[in-house]
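# Have a look at this prediction, sequence included:
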Amino acid sequence: MVTTHLSAQDLFRNAYENRYTWNQHFPGYTADVTYQSGNETFIGKVHVSADLQATVTGINNEKATKAIQSQLFEIAIHRIRRLFQDTHGHNTFRYGQIREDGAVEILMGGKAEGDRYEIRHNQVSMVHRHIHGVVVTIHTLSSHDTGEGYLSHRYKSVYHDPRTGEQTGGYHEFEDEYENVGSYFLLSRRRVCTEGEAEQQFSFGNFQLLN
């Protein structure tokens, strides 16, 4: 049993609110993009609107375009600022185990029954969620402190079948770098290594915030 003056919900809420997110004044941005997949390289431009819609231009390859759009969408989803009550108001929280590294397990109930998280140094260091018919487990290995919340730096993820528990696909390992542009931290590089697949690298530069 965890010994703390905080409830499991409050411990989780503090880490949730410690994530770096874009504020309501986020204007969107444009950037140059270079995408490398194995021996192939594609160069183009991206446009992310204030409502977080992403478009890619200048690349005449559907697979490459979709790969870039997928990363931009994933980034934007995690930068949206949502109130804790709006996201987790229908969930319950209870303490689980304490890991050897000091991480505290939080077990979810209610709408998120079966999900679990680990909190370490006021950050979510592990996520185990049922989403879109699969179970995704993400371990954060290191993070950036922006002064306005943390951003994951190195992390890995794996998917499992929720019925059988069987692993679906290989491990994905990520490494992210960010650039401070105006009042916002924007992804400048993401390296993705997946078991059995070519390494991918997404590089963004020449950022321009939209008016």
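Cool, got the structure.
# from here on, contacts and neighbour counts on C-alpha atoms
Will do.
# From Q53, how far out is E173?
Applying C-alpha to C-alpha, to the nearest Å, the value for E173 to Q53 is 25 Å.
# what sits against R189?
R189 is in contact with 175-178, 201-204, counting by C-alpha atoms under 8 Å, 6 or more residues apart in numbering.
# what do you get for A8?
If you count contacts by C-alpha under 8 Å, 6+ apart, then A8 has 93-95, 106 around it.
# low-scoring stretches of the protein, by residue?
1-4 (pLDDT under 70).
# Is V181 bridged to anything, and to what?
Legend: beta-bridge partners of V181 under DSSP bridges are Y184.
# Run through the helices of the chain in chain order.
8-17, 62-79, 84-88 (DSSP state H).
# Any buried residues in the shortest one, and which?
Just to be clear, that refers to helix 84-88. Buried residues in helix 84-88, counted by 16 or more other C-alpha atoms under 10 Å: H88.
# Tell me the helices and strands packed up against it.
helix 8-17 (3 or more C-alpha pairs under 8 Å, 6 or more residues apart in numbering; DSSP states H and E).
# dump the residue contacts of the spatially closest residue to Y29 that is not a sequence neighbour.
In space, and not counting its chain neighbours, Y29 is closest to L209: 4.2 Å by C-alpha to C-alpha, 6 or more residues apart in numbering. When the contact criterion is C-alpha under 8 Å, 6+ apart, the partners of L209 are 27-30, 181-182.
# Can you name the two of the residues you listed that sit furthest apart?
T30 and G182 (13.1 Å; C-alpha to C-alpha).
# and those two? which has more neighbours close in?
Legend: neighbour count by other C-alpha atoms under 10 Å for T30 and G182, higher for T30 (20 against 10).
# Next, the contact list for the nearest residue to that one once chain neighbours are set aside, please.
Leaving aside its chain neighbours, T30 sits nearest to H47 (4.5 Å; criterion: C-alpha to C-alpha, 6+ apart). Going by C-alpha under 8 Å, 6+ apart, H47 touches 28-31, 53-56.
# So how do I select the buried members of the contacts of A8 in PyMOL?
Remark: buried members of the contacts of A8, expressed as a PyMOL selection using 16+ other C-alpha under 10 Å:
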select buried, resi 93+95+106
